[in-house]
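In: got a predicted structure here, sequence first:
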Amino acid sequence: MAKEAKKDLDATEPVEAVEPTAVAAQPVVDEESFAKAGKKSKKHTEEVKAEEERQARKADAAAQPEEKKAGPRPIARTRLERRGKAYKAVAKKVEAGKVYSLKDAVELAIATNPAKFDATVEMHFRLGVDPRQADQNIRATVSLPAGTGKTVRVAVFAPLDIAKQAKAAGADIAEDEEFTKRLEKEQLDFDILISTPQYMPKLGKFARLLGPKGLMPNPKAGTVTNDIEKAVKEAKAGKIEYRVDKQAIVHVGLGKVSFGTDKLLENVNAFVESLKSQKPASIKGQYVKSVYISTTMGPSIAVENIYG
């Protein structure tokens, strides 16, 4: 048995010697290269940190409001000091705090006109009304006996036969349906628009165009009427419309400086009588609180109680 085992061992092929597995060679690190890489990494880190700090400072500066440097304070000037030389020269003629009679006020307004053109003489009436109340929202017309001194352009929107009569009465424009084409093109080459009641609905779509400019016909102003011929003649002769504003003041032009004292007084008296007739029944207390007169660019002059 021992012999058989020995034969088996002898018959076994010799086993080849296994060489040891080669270990991957590790690269040899150059100490000089490592030192340079370290320096670059350190430098990059410092640059990133510096950039972050810079961005942080920028964000803080943007969050804080910039302080404005206080400059020299503007010098406060009175209204008179802001006026021109011509105004200052004539303003000296008006005594501060004095209330003038109507005649003296008109004469002084003419004398204190600083403009080189024929200025309008204006009057301003502060009323004791509440314009928010329907019965106190004053709006009316008056014919000035001496006229306005202005060339008034009158337009009429009415049926063809009435338009022809209006043209003969002195209307500058008198048309039927053709008139709406003017409005569609926004050609507002007129100062007063008169219409018949039956044609008023056709003007409804132009309310935003005409209304803000005070051109929309209104029965209270006498510009919505069947008597077109009369309305045209009155407008041409010097009929004006006036109304109270939100501050309860009526502003009205009553002629030109060239009219002289007498004609201006005629217009003023006619207007005052008209204003008196518009006094609301619900008014308690003083109706007209103050009156001032001036030319377009002249100083304001206080007028005594001329309305009773």
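Out: Thanks, I have the structure now.
In: could you pull out the helices for the chain?
Out: Assigned by DSSP state H, the helices in the chain fall at 2-11, 31-63, 85-91, 102-111, 160-169, 178-184, 207-210, 228-237, 260-277.
In: I'd like those laid out as CSV, including mean pLDDT.
Out: As requested, the helices of the chain are exported to CSV (pLDDT from 0 to 100):
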stretch, mean pLDDT
helix 2-11, 48
helix 31-63, 71
helix 85-91, 85
helix 102-111, 95
helix 160-169, 93
helix 178-184, 92
helix 207-210, 92
helix 228-237, 92
helix 260-277, 94
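In: of these, which approaches residue 219 most closely?
Out: Closest to residue 219 of the helices of the chain, according to C-beta to C-beta: helix 228-237, at 11.2 Å. Every C-beta, even on glycine, is put in place using the N, C-alpha and C of the backbone.
In: need the helices of the chain in TSV with mean neighbour count and distance to residue 285, can you?
Out: Compiled in TSV, the helices of the chain are given as follows (neighbours: other C-beta atoms under 10 Å; distance: least, C-beta to C-beta, whole Å):
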stretch	mean neighbour count	distance to residue 285
helix 2-11	8	145
helix 31-63	10	59
helix 85-91	14	33
helix 102-111	20	23
helix 160-169	16	44
helix 178-184	15	44
helix 207-210	12	36
helix 228-237	19	34
helix 260-277	17	16
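In: nearest to residue 154, out of those helices?
Out: helix 228-237 (4.9 Å).
In: show me what the closest one is in contact with.
Out: 143, 147, 152, 154, 156, 158, 162, 165-166, 168-171, 192, 194, 196, 222-223, 225 (C-beta atoms under 8 Å, 6 or more residues apart in numbering).
In: quick one: buried ones out of these?
Out: Judged by neighbour count, with 16 or more other C-beta atoms under 10 Å as the criterion, the buried members of those are 143, 147, 152, 154, 156, 158, 162, 166, 169, 171, 192, 194, 196, 222-223, 225.
In: residue 182: which of the residues you listed is nearest?
Out: Closest to residue 182, out of all of those and judged by C-beta to C-beta, is residue 156, at 12.1 Å.
In: I'd like the distance between that closest one and residue 289.
Out: Separation of residue 156 from residue 289 (C-beta to C-beta, to the nearest Å): 39 Å.
In: hang on, the earlier thing: of the buried ones among the contacts of helix 228-237, which belong to strands?
Out: Within those, residues falling in strands by DSSP state E are 143, 154, 156, 192, 194.
In: taking those, tell me the two that lie furthest apart.
Out: Among these, the pair separated by the greatest distance (C-beta to C-beta) is 143 and 156, at 18.5 Å.
In: spatially nearest residue to residue 120 (excluding sequence neighbours)?
Out: With sequence-adjacent residues excluded and distances taken as C-beta to C-beta, 6 or more residues apart in numbering, residue 120 is closest to residue 253, at 4.4 Å.
In: next up, the contacts around that neighbour.
Out: 120, 121, 122, 148, 240.
In: which residues does the second one form a beta bridge with?
Out: Which is residue 121. Taking DSSP bridges as the rule, residue 121 bridges to residue 295.
In: tell me who's in contact with it.
Out: Contacts of residue 121 by C-beta under 8 Å, 6+ apart are 106, 109-110, 253-257, 259, 264, 293-295.
In: can you give me the pLDDT of it?
Out: Residue 121 is assigned 96 on the pLDDT scale.
In: quick one: it and residue 189, what's the gap?
Out: As judged by C-beta to C-beta, residue 121 and residue 189 stand 27 Å apart.
In: what of the last one?
Out: With distances defined as C-beta to C-beta, the gap from residue 240 to residue 189 amounts to 20 Å.
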